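In: how would this look folded up:
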Amino acid sequence: MNLQSLHLDVPELLPHNPRPLNEWVEYLQAMPEQDDRSLARVTHELNQTPLNLLERQRLLQNLTDRFAKRGHQLVDRPPNETLLDWSEHLASGYKRLLLQILQGRQPSQAHLAWCLFMIMQYLVQAILRHLQRYQEPHENLWRDCHLIYLLAEHHGCLDEPLSVPFAPTPASSLRGAYQQALLLALSSPFHLSSHELHELFTALAPFAGQARLEQFNPLNRSGPWIDMGGKGPTRQLQEIDPEDQTLRQLNLAAALVAARQSSPLRSEEQNRLLEHAVKHWQNSEQREHERHEREAPCSLIMGLTAIYSQITQGSMPSLEGVLCDTSPGGARIRLTANGLHLPVGQLVWMQSGSLRVLTLVQWRHQDDSTLHVGLRYLKGSVRPALIRRTPETRAHHALLLSTPQPGQNWEHSLWLGAGEFTLQEDVLIELEGKNHQNIHLATPSHTTRWVSRHPLTL
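Out: As a prediction, the model looks like this:
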């Protein structure tokens, strides 16, 4: 990813002599705080003025304080068109600052994360104010949101905890703010009043970041869909191109759990609005399979190495939980939190009654005392395996998953710890009771922070 591929839309710099910084500061301080139109105009003028990075950052922070204060003053008023324009101008100002940061020799991660967060917050403010005025946000707004999200994803700062004192209350991470806008747009916003949108936006803030934006999966054609090329979210697509690299899917499982849970910080009105929103989110048929409610004890063993030891020795300690609902595709588990760490993307061996199945953690939601985890079944026969580079080198634990296919064929995949081998490496596989066999590690078909899955031909 580079600057040329981002196409960030910022006003052109005008070739004129800028004022000194102290004159800009005095000029802004002399402006009445209620003069939104003049402040928006000055912000646009600043965006066209050549300034160094520190000068631009100081002036933008000054304007941000003015915008935040003005937003609180107008919180109970009808939608203000000038604040909408001002938020877009401030987003452009921070985009200009971002380009200056990226053009520096060694931009710090913290500085970059903060700037990306501020751009997203102003873009989301603009989207909210468009919706409050019963207007579809224009495609440039969505395009910039998607680009900033992708850039933050690229730099690993989607979940940096940051805050800004805006009204209504925004989410406290870039991922959260971005998905707050997506969820609001999916909630049939034009059936809500401006005040109701304000309240729903506030109610979404604490858990919007728990949804997950996932790569297109041809085996799961449910939405909501996000066209990262520049459009807002949609619950259904008429045609799906499996080769479309701009298409993402929004997994709402953890957000749905959080939305349905009671919270002492939510008003009755916010609870009612969340019920309205959830109905519209679920029109997208989030579940690929029908869900069956149940309450049954289960035990979980987490991690590839622990699962290997359980299968070969049967002596690993397990986590005890409750199987809340199941479907042919997976299950939802409830556990006591108590500092439990069960990360998304980790392999889990689940046992409940006669059921023994290898699963992958798809989502998680944790409140004060309970952890909810969504598991996806990895169907097939599981066999422990050892992988070596040569017969004399250290053995790496692996799991061979074999799934029967029509025509008496088998589909094999090998689960390995992430990063243990390089791509396209030739290795030796040793199965229980079998001699070493040479195999070629194909490019992973699925990778998480913890494990990778390699298609395999035996």
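
In: What is the subsequent helix or strand relative to the helix or strand of the chain with the lowest mean pLDDT?
Out: None of the helices or strands of the chain scores lower by mean pLDDT, DSSP states H and E than helix 3-6, at a mean of 45. Sequence order places helix 21-30 as the next helix or strand after helix 3-6, per DSSP states H and E.

In: would you say Leu182 is within a strand?
Out: No - using DSSP: H, G, I helix; E, B strand; the rest coil, the assignment for Leu182 is helix, not a strand.

In: Tell me who's in contact with it.
Out: 211, 224, 226, 232-233, 250 (C-beta atoms under 8 Å, 6 or more residues apart in numbering). C-betas here are computed from N, CA, C, even on glycine.

In: what about it, distance to Glu55?
Out: 34 Å (C-beta to C-beta, to the nearest Å).

In: Check Pro168 too.
Out: In terms of C-beta to C-beta, Pro168 sits 31 Å off from Glu55.

In: Ok, His195 next?
Out: Relative to Glu55, and taking C-beta to C-beta, His195 is found at 39 Å.

In: Show me which of these two is the more surrounded one.
Out: Taking neighbours as other C-beta atoms under 10 Å, His195 and Glu55 compare with Glu55 leading, 17 against 13.

In: which ones are touching that one?
Out: Contacts for Glu55 (C-beta under 8 Å, 6+ apart) come out as 21, 24.

In: before we move on, what SS does it have?
Out: Assignment for Glu55 (three-state DSSP): helix.

In: Relative to His130, how far out is it?
Out: Taken as C-beta to C-beta, the span from Glu55 to His130 is 31 Å.

In: How about Trp363?
Out: 30 Å.

In: so what does the biggest helix by length in the chain touch, helix or strand wise?
Out: Identified as the longest helix of the chain according to DSSP state H is helix 109-132. With contacts defined as 3 or more C-beta pairs under 8 Å, 6 or more residues apart in numbering; DSSP states H and E, helix 109-132 has these neighbours: helix 81-102, helix 139-155, helix 174-185, helix 194-204.

In: contacting residues for the closest residue in space to Glu420 that isn't next to it in sequence?
Out: Once flanking residues are discounted, Glu420 sits nearest to His396: 5.3 Å by C-beta to C-beta, 6 or more residues apart in numbering. Contacts for His396 (C-beta under 8 Å, 6+ apart) come out as 386-388, 416-417, 420-421.

In: 7 Å - rerun?
Out: Taking C-beta atoms under 7 Å, 6 or more residues apart in numbering, we find His396 in contact with 387, 416-417, 420.

In: follow-up on the earlier one: among the contacts of Leu182, which pair sits farthest apart?
Out: Ala211 and Gly232 (15.3 Å; C-beta to C-beta).

In: Which one's more surrounded, these two?
Out: Applying other C-beta under 10 Å to Ala211 and Gly232 shows that Ala211 carries more neighbours, namely 26 against 20.

In: correct me, but that one touches Ala255?
Out: Yes - the pair Ala211 / Ala255 is scored as a contact, 4.3 Å apart, by C-beta atoms under 7 Å.

In: outside of stretch 373-393, which residues touch it?
Out: Here stretch 373-393 makes contact (C-beta under 7 Å, 6+ apart) with 253, 308, 311-312, 329-333, 335, 342, 348, 350, 357-364, 395-403, 416, 427-432, 436.

In: give me the low-pLDDT residue ranges for the stretch 101-250 of the chain?
Out: Scanning the stretch 101-250 of the chain for pLDDT under 70 picks out 218-223, 237-240, 242-243.

In: The longest helix of the chain versus helix 81-102: what angle between them?
Out: 160 degrees (axes from the mean of the first three to the mean of the last three C-alpha atoms, to 10 degrees).

In: Name the surrounding residues that touch helix 109-132.
Out: 79, 83-84, 87-88, 90-91, 94-95, 97-98, 101, 137, 141, 144-145, 148, 151-152, 155, 157, 160, 162, 164, 166, 170, 174, 177-178, 180-181, 184, 189, 194, 197, 201.
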